[in-house]
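Student: need a 3D model of the sequence below.
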Amino acid sequence: MADRYIGRFAPSPTGPLHAGSLVAALASYLDAKVAGGQWLVRIEDVDEGRSVAGAAESALALLKTLGMQWDGDVLWQSRRGDVYQAAFDRLGALAYPCGCNRREIADSRLGTAPDGSAIYPGTCRDGLAAGKTARSLRLRVPPAGQDEITFQDRFAGAVTQHLALDAGDFVLKRGDGYWAYQLAVVVDDFEQGVTDVVRGADLIDSTARQIYLQRVLGMPTPRYLHVPVVRNALGEKLSKQTGATALAPLNEDDAVAMLHTAAQALGMRMGPSSSMAQFWRDALPAWARLLEVNGTD
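Tutor: Here you go, the predicted structure:
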């Protein structure tokens, strides 16, 4: 482990926390505690249009109920527009306005990126076409042959992505006026001093873009650990969109059962717990053993 460890859990308040959210929260919390580090909480509500009233407060209350107390103050992305603008301004000619809509990008037939988004064909790289108005702001990626990003994921091992081929120039500010996830998360991780990012494997395909953005902004790259995502009976990632049930423990036994379910999803080997205190006593060495088995540390 690094001498200094700062981790974070960063839920989006588009609905209540569910079993999939808890897996990511538990992994990030345990990783920080095993390392003797800090665990921060950030509310990723930069997309204010999708935020559900009360969801963030409910998530914070649930973390406390489950015994996961964060360090320091909670950071709210919706209050940090000026910080994101300042970071964007530093990019200079690497950033440019784009007038393309989603249909036009999809019609380019370049295919989809690993995360399911359409690969941008570079239509507006050299300026907006006549009659076009800016809809979004994009970041230029290096040309094919110079676009390889490789990082070592602590669970998945070496991961390589070619930005020009796999993503294209990506959005930093969206057509609806909200700053994009890629920029906000990079800036926030830097400003909070995050050394280790532990999150769901559904975000692993965003990592190369974030590393590239870190490099052009002169920011250090944290270590990454992407944990398995929880899936429903149809094999879909458990999410608000796929009908994930909100976590609402009625008592301590409920809370312990939820924590055990999350630990099992991570592959942790633990015996039954008669109380929450016992769960946390057993969970720390169980996570350390899991890291050792995976050759992570």
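Student: please report phi then psi for Leu75.
Tutor: Phi and psi for Leu75, reported as degrees, to the nearest 10, are phi -100, psi 130.
Student: now do it against Asn101, distance only.
Tutor: 32 Å (CB to CB, to the nearest Å). C-beta coordinates here come from the backbone N, C-alpha and C atoms, glycine included.
Student: more neighbours, these two?
Tutor: Neighbour comparison, Leu75 and Asn101: the larger count goes to Leu75, with 17 against 12 (by other CB atoms under 10 Å).
Student: which residues does that one contact?
Tutor: With contact taken as CB atoms under 8 Å, 6 or more residues apart in numbering, Leu75 is in contact with Leu40, Val41, Arg42, Ile43, Asp188, Gln192.
Student: out of those, which sit inside helices?
Tutor: Mapping the contacts of Leu75 onto helices (DSSP state H) picks out Asp188.
Student: so which of the contacts of Leu75 comes closest to Pro97?
Tutor: The shortest separation between Pro97 and any of the contacts of Leu75 is 24.0 Å, and it belongs to Asp188 (by CB to CB).
Student: for the spatially closest residue to Thr245 that is not a sequence neighbour, list each beta-bridge partner.
Tutor: Nearest-residue entry for Thr245: His18, 6.1 Å, with adjacent residues in sequence omitted and distances by CB to CB, 6 or more residues apart in numbering. The residues paired with His18 through beta bridges, assigned by DSSP bridges, are Ala246.
Student: and the helices in the chain?
Tutor: 19-34, 55-65, 81-89, 102-106, 163-166, 181-191, 207-216, 252-265, 276-293.
Student: what's the second one in contact with?
Tutor: If I follow you right, that is helix 55-65. The contact list for helix 55-65 (CB under 8 Å, 6+ apart) reads 9, 11, 13-17, 21, 25, 41, 43, 45, 69-70, 74, 76, 247-249, 255.
Student: only whichever of those residues are buried, select them in ChimeraX.
Tutor: Taking 16 or more other CB atoms under 10 Å as the burial criterion, the selection of buried members of the contacts of helix 55-65 in ChimeraX is written as:
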select :9,11,13,14,15,16,17,21,25,41,43,45,70,247,249,255
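Student: sort out for me which of the contacts of helix 55-65 are in strands.
Tutor: In strands, defined here by DSSP state E, the members of those are Phe9, Val41, Ile43, Trp76.
Student: which single one of these is nearest to Asp115?
Tutor: In terms of CB to CB, no member of these lies closer to Asp115 than Phe9, at 20.5 Å.
Student: show the pLDDT at that closest one.
Tutor: As predicted, Phe9 sits at a pLDDT of 98.
Student: for it, give me its contacts.
Tutor: Phe9 makes contact with Ala24, Ala25, Ser28, Tyr29, Trp39, Leu40, Val41, Arg42, Leu63, Met68, Trp70, according to CB under 8 Å, 6+ apart.
Student: and what of Arg223?
Tutor: Ala2, Gln152, Arg154, Thr195, Asp196, Val197.
Student: looking at these, which two lie furthest apart in space?
Tutor: Taking CB to CB as the measure, these span a maximum distance of 14.4 Å, between Gln152 and Thr195.
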